[in-house]
Each structure stands twice: as structure tokens, then as C-alpha cells.
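Colleague: Structure for the following, please:
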Amino acid sequence: MAAALGDPVRHALEAVLDAVRDRTDGAVADYIPELAKVEPEQLGAALASTHGVVHEAGDCDAEFTIQSVSKPFVFALAVDALGLDEVRRHVDLEPSGEPFNAISLDEASGRPRNPMINAGAIVMTSLMPGDTADEKFAVVLAGIERFAGRDLPVNEEVYSSEASTGDRNRALAYLTRSAGTLGAAVEVATLAYFRQCSISVNARDLAIMAATFATGGVNPLTRERVISEDAARWTTAVMTSCGMYDESGDWMVRVGLPAKSGVGGGIAAVQPGQFGIGTFSPRLDARGNSVRGVATLELLSERHGLHMLQHHGAPLSPIASLSRVEAGDADGGSDGDTVVALRGEILFSEAEEILTRLAPLVGDRGCLVLDFTAVTRVAAGARTIFSALPDTMGRLADGRSRVAVHDPDQVLGAAER
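Modeller: So this is what the prediction gives:
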């Protein structure tokens with residue numbers, strides 16, 4: 001769903017693009033001849049929320065090849081297809097601190113350092129189902145299209161250019177093959193990988209794809225579950241430490257969003273649980289990251305407090321009120337009971353506050369009733385604790401539990417107890 005014309009978020013994106021538009025440093029990628037032909041002045045950004053609204057600014061419809069931005073999405077598909085343990089037999093999950101095309105293999109195991117560098121990404125593509133390059137690529141394309149929520153073309157000119165100049169990637173594939181970590185013949189793996197990098201996307205696509213990680217694996221527009229929650233979480237973690245190559249540490253300090261860049265000029269960034277952002281600008285810095293894309297995300301983070309480790313002050317207490325039930329009250333409970341009205345989202349820290357502050361009220365003089373009527377969500381770990389309270393806190397003289405749960409909307413995932 002597109003945002004309305006008077007969209008304040010779009011205006012915020014446009015303001016940031018205007019602030020970075022004059023940056024002319026960097027250069028388009030030229031080691032792949034077709035990428036050297038890209039118009040360097042293009043600049044766009046899109047933000048897709050987890051509730052399915054997309055805000056766009058600048059050249060959001062301009063198409064470019066996905067290149068290395070494809071890597072986290074293929075890693076997630078591989079994890080779901082094979083399981084994390086099997087994937088880790090073929091690739092490590094450690095930052096390399098080296099350029100994207102470096103020979104970065106573990107000396108003992110021969111595994112690439114992580115799936116975000118070329119060596120690791122080629123191995124991930126080689127693990128896709130199928131015997132031929134076409135079969136493996138078909139699985140990759142179908143998966144990336146589910147992330148984007150639409151059919152995506154392949155730029156055949158870029159593919160041909162990559163295939164004819166990709167000797168370094170073939171060399172990386174041979175090294176992983178000799179170490180026993182590549183899952184296919186070198187030519188099968190590399191041709192499938194070259195086609196993967198040549199998929200055409202735009203900034204809007206990248207925002208929706210990143211937002212699919214932010215939702216825990218569900219495309220926020222199509223509502224299709226694309227990957228499991230585990231795969232989304234694990235992939236976002238790898239993006240956090242490895243997604244921006246040898247700039248990943250500096251990136252996390254300055255921007256604070258898990259992200260992945262590509263030499264096509266795109267960047268996909270994730271704010272877990274909130275949104276995904278896609279940017280496009282072709283000029284690259286020395287590390288292969290989009291100059292104006294990096295500047296856009298850095299300024300967005302600074303202006304709007306988007307850093308994932310940003311401290312937002314003391315949260316609202318999840319305890320809305322405490323009231324004593326008097327004889328004859330019409331709202332339920334027994335005389336002498338204490339009703340605690342809870343509110344909002346209850347994650348681990350909120351559960352800890354509730355249980356710590358209310359512990360002194362549990363005794364033999366009445367039942368402590370936890371009212372979840374105004375609670376919108378309870379995290380899985382907290383849900384288990386609350387559901388078990390009536391059985392673990394003992395009984396009053398009249399046989400009732402010392403702690404009762406009132407949960408009319410079943411936010412605890414079980415019938416009211």
C-alpha cells in the first residue's frame with residue numbers, strides 16, 4: 001500500500017535526499033563493464049513499515065541490479081531449506097574485516113568467513129536445490145520475488161558482463177570447492193550467482209524486502225510468510241556484524257541499523273519490528289558502498305533516532321492501576337481481592353517489572369488478579385511465566401489461587417484462567 005499524498009514520512013525522506021544530493025564523490029562500479037554505464041545522478045529512498053505502508057522519495061522506481069544486496073536473502077532461504085547447522089558446515093558467521101571480494105577463508109576448515117562476502121555468497125547459492133545453474137537460480141529468483149512481493153526481471157546485459165569478467169569469483173569458488181565447502185561444480189555455482197546478482201530491483205523493492213526481515217519473515221504487503229522467524233532473526237544478526245563489509249563496525253556506530261549494500265548502488269536496512277529502508281545511488285566509495293546511500297541512512301538515523309541501540313528514556317509502566325475489590329462490586333472478583341490493570345506491550349523487561357513490584361502483594365488476604373484486558377501483546381518468554389502463575393503461587397484458604405489471570409482477548413495464547 002502506498003502512502004497518502006500528504007505523507008509526512010515521505011517529506012522527511014525528501015528532506016534527507018535534498019541534504020545529500022550535492023555529494024558527488026565516489027564513482028560507479030566499472031569492474032563490471034555494464035555497471036559503468038549507469039546514470040550516476042540517480043537518488044532514491046523508500047521506507048516500508050511492518051504494517052504494510054510504503055513511503056517513497058526521489059528515484060524510487062529507477063531499476064538497478066541487486067548485486068550483493070541479494071546475499072542476506074539467499075542466506076535466509078538456505079537456512080530455511082537446510083537448517084542453520086548444515087549451513088554453518090559450509091560458511092562461518094564471523095566478520096571478515098576485509099573487502100567483499102577478498103580471499104577470506106578459515107585456515108582450518110576452509111569455510112568462507114561469512115555469507116555476506118563473495119566467497120560465502122557463492123557457497124550459499126551453490127547450496128540451493130537443483131543440479132544445474134538454471135535450476136538453482138530459479139529457486140533463488142522465486143525466493144527473492146516473494147521477499148519483494150512481485151515478479152522481478154533479470155538484466156541480461158549485466159549478467160553477460162558479469163559472466164565474462166567474473167574470474168575472481170570463479171577463483172573464490174575453486175578455493176571453496178577444494179576445501180569441500182562448495183555445494184556444486186564451480187561453473188554451476190558461479191553462473192547461478194552471476195544471474196542472482198543481475199536481478200533488477202528498485203529502492204521500493206529493497207524497502208519491502210528489508211521490512212520482511214523486520215516482521216520476522218512475513219512480507220508486510222502480501223502477508224505471505226516468506227521465511228521462518230528464526231531465519232529472519234539469524235540473518236538480521238549476520239547483517240548487523242557483516243553486512244557493510246570492512247565498514248560494518250563503523251556503520252553500526254554511526255547508523256545503527258542492520259544493512260546490506262551492493263555495488264549496483266543499493267542498500268537495504270532493517271529496523272527490527274518497525275520497518276525496512278531501501279536506498280539507491282550508484283556512486284560508490286572505496287569499500288563498494290553507495291556514497292549517498294550511506295549518507296542518507298546516516299542522516300535519517302541521526303535526525304529521527306533510528307539507531308537500534310538508541311535509548312528512548314524510561315518506558316511507560318505496564319501497570320496502569322491497582323484497585324481493591326469491595327463487597328458488592330459489580331465488576332467481578334471477591335471482597336479483598338486486588339485487581340491490577342496491565343497495559344501495552346509486555347516484553348521481558350515489562351514482565352520483570354510487573355512480577356517484582358507485585359510480589360509483595362501476593363499473600364493470604366486475597367487474590368491478586370492480573371487483568372490483561374488493555375494489553376496488546378505479550379512476548380513468548382513472558383507469556384509462559386504469566387500462564388503458569390495460577391498453578392505456581394499456591395492457594396488461599398478458600399481454594400482459589402493466590403494469583404489469577406483475567407485475559408479476555410487471550411493475549412497469553414490460552415483460555416482465561
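
Colleague: what's stretch 371-382 in contact with?
Modeller: The contact list for stretch 371-382 (Cβ atoms under 8 Å, 6 or more residues apart in numbering) reads 318, 320, 339-348, 350-351, 386, 405-409, 411-413. C-betas here are computed from N, CA, C, even on glycine.

Colleague: Which of those residues are buried? Put it as a ChimeraX command.
Modeller: Of these, the buried ones go into a single ChimeraX selection, burial set by 16 or more other Cβ atoms under 10 Å:
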select :318,339,340,341,342,343,346,347,350,351,386,405,406,407,411,412
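
Colleague: The contacts of stretch 371-382 in helices, which ones?
Modeller: Using DSSP state H, the subset of those located in helices is 348, 350, 351, 386.

Colleague: Turn those residues into TSV, columns for pLDDT.
Modeller: Below are the ones in helices among the contacts of stretch 371-382 laid out as TSV (pLDDT from 0 to 100):
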residue	pLDDT
348	87
350	91
351	90
386	85
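
Colleague: and which of these is nearest to residue 253?
Modeller: residue 348 (25.8 Å; Cβ to Cβ).

Colleague: Any buried residues in the lowest-mean-pLDDT helix or strand in the chain, and which?
Modeller: In the chain, no helix or strand scores lower on mean pLDDT, DSSP states H and E than helix 380-392, which sits at a mean of 83. For helix 380-392, a neighbour-count test (16+ other Cβ under 10 Å) marks 382, 383, 385, 386, 387, 389, 390 as buried.

Colleague: do the same with stretch 119-136
Modeller: Buried residues in stretch 119-136, defined by neighbour count with 16+ other Cβ under 10 Å: 119, 120, 121, 122, 123, 124, 125, 126, 127, 128, 133, 136.

Colleague: how about those residues in JSON lines, adding distance to residue 39, secondary structure and pLDDT?
Modeller: Listed next are these as JSON lines, based on distance: Cβ to Cβ, whole Å; DSSP: H, G, I helix; E, B strand; the rest coil; pLDDT from 0 to 100:
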{"residue": "119", "distance to residue 39": "31", "secondary structure": "helix", "pLDDT": "92"}
{"residue": "120", "distance to residue 39": "31", "secondary structure": "helix", "pLDDT": "94"}
{"residue": "121", "distance to residue 39": "27", "secondary structure": "helix", "pLDDT": "96"}
{"residue": "122", "distance to residue 39": "29", "secondary structure": "helix", "pLDDT": "97"}
{"residue": "123", "distance to residue 39": "33", "secondary structure": "helix", "pLDDT": "97"}
{"residue": "124", "distance to residue 39": "31", "secondary structure": "helix", "pLDDT": "97"}
{"residue": "125", "distance to residue 39": "29", "secondary structure": "helix", "pLDDT": "98"}
{"residue": "126", "distance to residue 39": "34", "secondary structure": "helix", "pLDDT": "97"}
{"residue": "127", "distance to residue 39": "36", "secondary structure": "coil", "pLDDT": "97"}
{"residue": "128", "distance to residue 39": "33", "secondary structure": "coil", "pLDDT": "97"}
{"residue": "133", "distance to residue 39": "30", "secondary structure": "helix", "pLDDT": "97"}
{"residue": "136", "distance to residue 39": "32", "secondary structure": "helix", "pLDDT": "98"}
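
Colleague: Could you list which residues are in contact with the residue nearest in space to the middle of the chain?
Modeller: What sits nearest the mean C-alpha location of the chain, by Cα atoms, centre = their mean, is residue 213, with 3.2 Å. Neighbouring residues of residue 213 by Cβ under 8 Å, 6+ apart: 72, 76, 232, 235, 236, 239, 258, 270, 272, 276.

Colleague: if I read this right, the fourth one contacts residue 76, doesn't it?
Modeller: Yes - with contact defined as Cβ atoms under 8 Å, residue 235 counts as touching residue 76 (4.3 Å).

Colleague: Identify the contacts common to the two.
Modeller: Common neighbours of residue 235 and residue 76 are listed as 213, 227 (criterion: Cβ under 8 Å, 6+ apart).
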